[in-house]
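Colleague: sequence below, structure please.
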Amino acid sequence: MPYIEVSGKQIEIDEEGYLRNFDDWTEGVACAIAEREGVEELTRERLDIIRFIRDYYRRYNFFPILNAICKNVNQPRDCINEQFLDPVLAWKIAGLPRPDETMINLLRYGQTPT
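Modeller: Next comes the predicted model:
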């Protein structure tokens, strides 16, 4: 089973790097996932986005509308694109379960394939 090591603790991830257990997430885990994915730094702005995504997912069991994220964390309208380029990457860093193909298409393209 693949894992990342954070503060001396092994955290399980799947073969694509998604966190296996939602409750294993910490900001340190987010930083380790981000580093693994080639994100240089999790700035305060990026962490605000990630925390909002996690809180929303915990409450509604769904990823928030992208424009709503930016509005709720008081950032520019396209903050997800400016900060991460790919909402699926933000999903992964937030420690959410691996999305299915339909969700990936919704996140990346705003629609499902027809």
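
Colleague: make it CA atoms for all contacts and neighbour counts henceforth
Modeller: Will do.

Colleague: and the helix or strand bottoming out on mean pLDDT in the chain, how far out from the chain middle?
Modeller: None of the helices or strands of the chain scores lower by mean pLDDT, DSSP states H and E than helix 79-83, at a mean of 81. Centroid separation for helix 79-83 versus its chain: 12 Å, with C-alpha atoms, centre = their mean, to the nearest Å.

Colleague: identify the residues contacting it?
Modeller: 45-46, 49, 66, 69-70, 86-87, 90 (C-alpha atoms under 8 Å, 6 or more residues apart in numbering).

Colleague: alpha carbons only: can I get it in PDB?
Modeller: Output of helix 79-83 as PDB, limited to C-alpha atoms (Å, rounded to 0.1, in the frame of the first residue of the first chain):
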ATOM      1  CA  CYS A  79      -9.000  31.800  -7.600                       C
ATOM      2  CA  ILE A  80      -9.100  28.000  -8.200                       C
ATOM      3  CA  ASN A  81      -7.600  28.400 -11.700                       C
ATOM      4  CA  GLU A  82      -5.100  31.100 -10.500                       C
ATOM      5  CA  GLN A  83      -4.000  29.000  -7.500                       C
END
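
Colleague: lovely, talk soon.
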